[in-house]
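Visitor: I need the structure of the sequence given here:
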Amino acid sequence: MDFSHISVLLKETVDGAYSDPKGVYADLTTGGGGHSLELAKRLSGGRLICFDRDGEAIEAAGERLSGYPVTFVQRNFKELSEVLDELGIKELDGIIADLGVSSHQLDDAERGFSFHNDAPLDMRMGGGGLSARDVVNDYTFEELRRILYEFGEEKFAPKIAQGIVDARAVSPIERTGELAEIIKNSVPAAYRREKNPCRKSFQAIRIEVNGELEALEKALTDGFDRLKIGGKMSVITFHSLEDRIVKNRFKEFCTGCICPPEFPVCVCGRQPRGQLVTKKPVAPSSEEFAENPRSRSAKLRVIEKIRA
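Guide: Below you'll find the model as predicted:
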């Protein structure tokens, strides 16, 4: 099937996680299979576990990676540890993750991820459970305000939340086009001229629908625990909320003694478990950005496990 998605920071991401052609690796966000394919090509006697919640992504990647030593898992990546147990895999040589929504999901209007197209309010990556329609029509004003502010970092969250509540009191909000108009009409004209006012709100609702940040926290912790000594994890983020979580979690893995500074000697016994491979996040080159404008905000961070 056609699954359009251009892999961002392709070589840098795979180089960051790869070490051994006989190793076992996991791609937590398979998408169209670009990073997976680059990694699978390097394997000789190794194995790759490909995760994605999206059935269309799994189908497309299955076609693209046919003939390679790949196991496909249509599960949320927060279930990484459980899946590895089911597969009898104790540890991994490397992990890659390209977070956020894929180009295919944005471009497929009927999935309801984009504010550029009019479609049913959905935004579910996996197809089941809570939908954007549920959030928009059922959440209280305070719940809407909170997710718009926390997950979208939207300074006009109260105005937009009130606009949603007022509109749905007349009739249910069913489509992305309706929601986009409500958002535009809820913010000052100057804000509308400055940038598209829908981006942050749509991001916030999508994150809420899919439980993205909680899943990321668990996947980072479980993934690092499952790395073998010398194993590495490459993670690409696209917005500040994701990047802050990855940065802070990697910092925790690399932190040693946490005793108060006034203690004359360490009593906690804590030692660093990881070391940063990328001291600063890697960004796309100007050439990559010219070819793929959606790569603009991508940041790659890589960590190596040095201690169990």
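Visitor: give me the number of residues near I89?
Guide: I89: 15 surrounding residues under other Cβ atoms under 10 Å. Every C-beta, even on glycine, is put in place using the N, C-alpha and C of the backbone.
Visitor: ok, it touching L48?
Guide: No. Under the criterion of Cβ atoms under 8 Å, I89 is not in contact with L48, lying 11.3 Å apart.
Visitor: shared neighbours of those two, which are they?
Guide: Residues touching both I89 and L48 by Cβ atoms under 8 Å, 6 or more residues apart in numbering: V24.
Visitor: Report the contact partners of the residue positioned nearest the centre of the chain.
Guide: The chain has L99 as the residue nearest its centroid, 2.4 Å off, counting by Cα atoms, centre = their mean. L99 is in contact with 29, 212, 216, 235-238, 242, counting by Cβ under 8 Å, 6+ apart.
Visitor: rerun at 7 Å
Guide: By Cβ atoms under 7 Å, 6 or more residues apart in numbering, the residues touching L99 are 29, 216, 235-238, 242.
Visitor: For the buried ones among those residues, write the corresponding ChimeraX selection.
Guide: If you want just the buried ones from the contacts of L99 in ChimeraX, going by 16 or more other Cβ atoms under 10 Å, the selection is:
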select :29,216,235,236,237,238,242
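Visitor: Which member of the contacts of L99 is positioned nearest Q271?
Guide: Closest approach between the contacts of L99 and Q271, by Cβ to Cβ: V235, at 22.8 Å.
Visitor: For that closest one, give me the backbone phi and psi.
Guide: According to degrees, to the nearest 10, the main-chain angles of V235 amount to phi -130, psi 130.
Visitor: So it versus I6, what's the distance?
Guide: 18 Å (Cβ to Cβ, to the nearest Å).
Visitor: Over to N210?
Guide: With Cβ to Cβ as the criterion, N210 and I6 are 22 Å apart.
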